[in-house]
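Enquirer: sequence below, structure please.
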Amino acid sequence: MTIEQIRPELTWRLRQKVLYPAEKLYQMEMEEDNNGIHFGAFENDTLVGVVSLFQKGKNFQFRKFAVDADMQNKGIGRTLLNYMVNFAVAEGAERIWCNARLSAIGFYLKSGFSQTSILFSKNGFDYEIMEKLIS
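Expert: As a prediction, the model looks like this:
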């Protein structure tokens, strides 16, 4: 597996397939995509994982983290997450955070993220803000 920075539009198909299968492809574009850094995990030249990272000062939020369903539970998500976190730390991050779907909280806890008890619902999904503080 390799991880590379990719153009934002390369994330859209996997975002749709994994996170929002009932939505249209054009709905996957976020207004802030052009201000983010996007990473893709490739297996045999096939894009199998994506994540988008956005910086505000020393705070880095990642969004739209998706791994192809056929490639889950093979360490791709963990490798991609670690790569993205290490990138943010190298860029001066003091806090890395995300809006985690409740079904993914265990995944983030295993990677050193903490629960904040800040819960909300959006577009039919329940989330908790998870964060990792860098000392």
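Enquirer: count the residues that sit near residue 96.
Expert: 24 (other CB atoms under 10 Å). For glycine as for every other residue, the C-beta is placed from the backbone atoms N, C-alpha and C.
Enquirer: could I get the full set of helices for this structure?
Expert: With DSSP state H as the criterion, the chain has helices at 12-14, 76-90, 105-110.
Enquirer: redo those helices as CSV? Include distance to residue 42.
Expert: Converted to CSV, those look like this (distance: least, CB to CB, whole Å):
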stretch, distance to residue 42
helix 12-14, 11
helix 76-90, 10
helix 105-110, 21
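Enquirer: which of those comes out lowest on mean pLDDT?
Expert: Averaging pLDDT over each of the helices of the chain singles out helix 12-14 as the lowest, with a mean of 92.
Enquirer: how far does the helix or strand bottoming out on mean pLDDT in the chain sit from the chain's center?
Expert: The weakest-scoring helix or strand in the chain, judged by mean pLDDT, DSSP states H and E, is helix 12-14 (a mean of 92). On the basis of CA atoms, centre = their mean, to the nearest Å, helix 12-14 sits 13 Å off its chain's mean C-alpha point.
Enquirer: let's have the helices of the chain in JSON lines, adding distance to residue 6 and mean neighbour count.
Expert: Output for those, formatted as JSON lines (distance: least, CB to CB, whole Å; neighbours: other CB atoms under 10 Å):
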{"stretch": "helix 12-14", "distance to residue 6": "10", "mean neighbour count": "18"}
{"stretch": "helix 76-90", "distance to residue 6": "12", "mean neighbour count": "17"}
{"stretch": "helix 105-110", "distance to residue 6": "22", "mean neighbour count": "14"}
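Enquirer: this completes my enquiry, with thanks.
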